[in-house]
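Asker: Got a sequence here, can you build the structure:
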Amino acid sequence: MEGYHQSVLVREVLELLRAEEARLVYDVTAGDGGHMEAFLQVMPSAGRVTGIDRDPQALQRLRQRLASYADRIQVVRGNFRDLQTLLAQSDWGHVDVILADLGISTLQITDPEKGFMFSADGPLAMQMDPQSGLSAETVVNEFDEGQLGEIFRTLGEERAWRRIARAVVRARSRGRIIRTGQLADIIRAAVPGSHTIKSCARVFQSLRIFVNDELRNLELFLPQALSALRPGGRLGVISFHSLEDRIVKEFIRNEADPCTCPPKLPFCVCGAVARLRPVGRLVVPSAAEVAANPSARSARLRVAEKIV
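Answerer: Numbering: from 1, shown residues only. Next up is the predicted model:
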């Protein structure tokens, strides 16, 4: 729909999460409501969907977009890391489907005032929730060189992390870094040539992940999602980089095969019971979807079904 973020892997999500059978769905990173709208269009008429998001502007757009479904939706501002607390506020019961799309809305990325872009100047913010305390400006100006380098290395997988961290510390000694344009110029000067754009993207990604505690949020969310699902319910997670996907993959694998017995034992004695089973293989966008929506190119969908 024009004016809204274009959700990815919609057809695959509906199919693998059995949308046509679902009666209670939680989209815990609802954004503009693209996946929610798709669910509502194919679910039974009694089916209901709850959308959770941290960004109040996104929730406002969601309410506008889904106004015709007002009696079938519930909109909650919150962080999916607090899923159990958010579920306690609802009397809708156990959940058939939980979906988490970990991508950033196009409208968030392209809004210079949110500070996610290195290609447009704006405040060095990067907060998903504007009320959260930590900003990228604070990190860039107040963390020491070692801390900055560790963020760039581990969360951005940036090879030139030492050089960039050193350049940031040197630049801020001449004045506080408060704009995305300033930071981008520092990175460009530190990593000139063909790798400049990728280095900018990795550093900005690393700061966004750190500021919003994205990986820890995901780690806290996954076991809560498993507890919230009814037996037979399904969990779907769409990730956009290897750090996220690795967490999801390992969680599903550990819950599908939780045995801790030594490999040489002929049978299990630890008594661990599998609680999830993977559904299909890793799903990636088709060439046609990537051509129509280039931002989908790095999307990865994993789905699992709760056993007990």
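
Asker: got the domain boundaries for this protein?
Answerer: Using automatic domain parsing, the domain parsing of the chain gives 10-107+214-306, 133-211.

Asker: chain center to the first one: distance?
Answerer: Using Cα atoms, centre = their mean, to the nearest Å, the distance from the centre of domain 10-107+214-306 to the centre of the chain it belongs to is 10 Å.

Asker: Identify each buried residue in the worst-scoring helix or strand of the chain on mean pLDDT, please.
Answerer: Within the chain, confidence by mean pLDDT, DSSP states H and E is lowest for helix 106-109 among all helices and strands, at a mean of 80. Neighbour counts over helix 106-109 (16 or more other Cβ atoms under 10 Å) mark 107-109 as buried. Placement of C-beta: from N, CA and C, glycine included.

Asker: Who are the packing partners of it?
Answerer: helix 56-65 (3 or more Cβ pairs under 8 Å, 6 or more residues apart in numbering; DSSP states H and E).

Asker: ok, the nearest residue to E158 once chain neighbours are set aside - how many residues close by?
Answerer: Spatially, and ignoring its direct neighbours in sequence, E158 is nearest to R202 (4.1 Å; Cβ to Cβ, 6 or more residues apart in numbering). By other Cβ atoms under 10 Å, 24 other residues sit near R202.

Asker: all helices in the stretch 101-250 of the chain, in order from the N-terminus.
Answerer: Remark: helices assigned in the stretch 101-250 of the chain by DSSP state H, counting those that start in this stretch are 106-109, 136-142, 145-156, 161-172, 180-190, 196-211, 214-228, 242-256.

Asker: I'd like those laid out as JSON lines, including distance to C268.
Answerer: Converted to JSON lines, the helices of the stretch 101-250 of the chain look like this (distance: least, Cβ to Cβ, whole Å):
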{"stretch": "helix 106-109", "distance to C268": "46"}
{"stretch": "helix 136-142", "distance to C268": "46"}
{"stretch": "helix 145-156", "distance to C268": "35"}
{"stretch": "helix 161-172", "distance to C268": "43"}
{"stretch": "helix 180-190", "distance to C268": "51"}
{"stretch": "helix 196-211", "distance to C268": "37"}
{"stretch": "helix 214-228", "distance to C268": "21"}
{"stretch": "helix 242-256", "distance to C268": "14"}
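
Asker: Please identify the most buried of these.
Answerer: Among the helices of the stretch 101-250 of the chain, helix 196-211 has the highest mean neighbour count (mean count of other Cβ atoms under 10 Å), at a mean of 22.

Asker: The closest residue to D213 other than its chain neighbours in helix, strand or coil?
Answerer: Nearest in space to D213, with sequence neighbours left out and distances taken as Cβ to Cβ, 6+ apart, is R81 at 7.9 Å. When classified by DSSP: H, G, I helix; E, B strand; the rest coil, R81 comes out as helix.

Asker: and the residue nearest the centre of the chain, what does it touch?
Answerer: In the chain, the residue lying closest to the centroid (Cα atoms, centre = their mean) is L102, at 1.8 Å. Contacts for L102 (Cβ atoms under 8 Å, 6 or more residues apart in numbering) come out as 29, 214, 218, 237-240, 244.

Asker: which two from those end up farthest apart in space?
Answerer: E214 and I238 (13.5 Å; Cβ to Cβ).

Asker: element containing the most far-flung residue of the chain relative to its centre, please.
Answerer: Centroid-distance maximum for the chain: P266 at 40.1 Å, with Cα atoms, centre = their mean. For P266, there is no enclosing helix or strand under DSSP states H and E.
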